[in-house]
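[1] sequence and predicted structure, then a few things I'm wondering about:
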Amino acid sequence: MRFWLQGLNTHPEHLVPLCQLAEEVGFEGMLEGDHWFMPARSKDHDPDERAPMPWDYHFNDITAAAATALAHTKRLKFGSSIIVLANRTNPFLVAKEAATIARLTDNRYIMGVGVGWMKQEFDLAGVEWSTRGARTEEMIEILRKLWGPQPVAHQGRFFSFPETYALPRPERPIPIYLGSVAPVALRRTGRIADGWIGMTSYANDIPRQMALINEGRREAGRENEPFEFMIGLLNGADGKQASLDDYLRARDMGITALQYGPVEHRLGKLYCTFDDKKRAIEQFAEEVIRRMT
């Protein structure tokens, strides 16, 4: 079983030591969130977020964070969890950033993608909110074209371009995982993604979520292709963190990778210091990772 550390509110000066700690204690990778800004006076919130998240949390630029983290580690992978792809207005820039990172870091970068929940981000980008699902699908199609043999052309609903070179391209395709919770999004994940980043799940939710993803895989004729099921387990109704038995149960259900974190959510503490995170990560590695790997 492979484990990923789910980051949240990572101060820039803590990113490298946190990634180096994760690598040292046995995590396969580090995941970082992505928001351009957080609205100071909005009543909006992530409808699928089951733990509080203050508006003044840090969200590092995902490209700079990935490049820095991977330059200071040897084996650790790094991924976005998740990048709100549809509010990027230029898929060429997204493709080139990811391809450059992959080429510089021995293919240790993955891209976690979501359709987004915050309308203000789309308003600021000048992107129509109601089209974000379809726009995400088309942008994923374009990314894969730009990461493959070139020149490539595209004629679509949102983007069109003639035969084009956009180099460098990665030595092999960058995995694209979708973060999804709603049934329609879970089916979309199965249809078009290389894997699923289930941000927060209760163990009892997993079979239903996996079944919806597998419906999408069958619809697309992709049921025999490799697919990553990566989930994070929520604290129980009693507030207790998921136990070793809970992680073993998830593995037995067919989960292929497990997330730990965000540490704030696991500890029920809105603002964690670096030392808080270090103690929690080391304890998780001792109690779970070393017993499952």
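    Structure's in. What do you need?
[2] check G112 and give its pLDDT.
    Among the per-residue scores, G112 shows a pLDDT of 96.
[3] tally of neighbours for it?
    Here the count is done by other Cβ atoms under 10 Å, and G112 has 27 residues near it. In this view, the C-beta of every residue, glycine as well, is placed from N, C-alpha and C.
[4] and what of Q283?
    The tally of other residues near Q283 (other Cβ under 10 Å) stands at 12.
[5] contacts for the helix or strand containing it?
    Taking DSSP states H and E as the criterion, Q283 maps to helix 274-284. Residues from elsewhere that reach helix 274-284, judged by Cβ atoms under 8 Å, 6 or more residues apart in numbering: 5, 11, 14, 17-18, 21-22, 25, 260, 263, 266-267, 269, 272.
[6] packing partners of the next helix or strand along the chain from it?
    The C-terminal neighbour of helix 274-284 among helices and strands, as given by DSSP H and E, is helix 290-292. Using 3 or more Cβ pairs under 8 Å, 6 or more residues apart in numbering; DSSP states H and E as the contact criterion, the elements in contact with helix 290-292 are helix 244-253.
[7] tilt between the helix holding Q283 and helix 244-253?
    Counting by axes from the mean of the first three to the mean of the last three Cα atoms, to 10 degrees, helix 274-284 points 70 degrees away from the direction of helix 244-253.
[8] so which bits of helix 274-284 are buried?
    For helix 274-284, the neighbour count (16 or more other Cβ atoms under 10 Å) marks K277, K278, A280, I281, F284 as buried.
[9] for the stretch 101-250 of the chain, which segments count as helices?
    When assigned using DSSP state H, counting those that start in this stretch, the helices of the stretch 101-250 of the chain occupy the ranges 119-125, 132-146, 183-192, 206-219, 244-253.
[10] the stretch 1-150 of the chain: strands as residue ranges?
    Secondary structure of the stretch 1-150 of the chain (DSSP state E, counting those that start in this stretch): strands located at 2-6, 29-32, 77-84, 109-114.
[11] any idea how far I197 is from Q6?
    Plainly put, Q6 is 9 Å away from I197 if you go by Cβ to Cβ, to the nearest Å.
[12] joint contacts of these two?
    L31, S81, Q259.
[13] pLDDT-wise, what's the bottom of those?
    S81 (90).
[14] residues touching the residue nearest to that one when sequence neighbours are not counted, list them.
    On the basis of Cβ to Cβ, 6 or more residues apart in numbering, the spatially nearest residue to S81 that is not a chain neighbour turns out to be L31, at 3.6 Å. The neighbourhood of L31, defined by Cβ under 8 Å, 6+ apart, consists of W4, L5, Q6, G7, F78, G79, S80, S81, G112, I197, Q259, G261.
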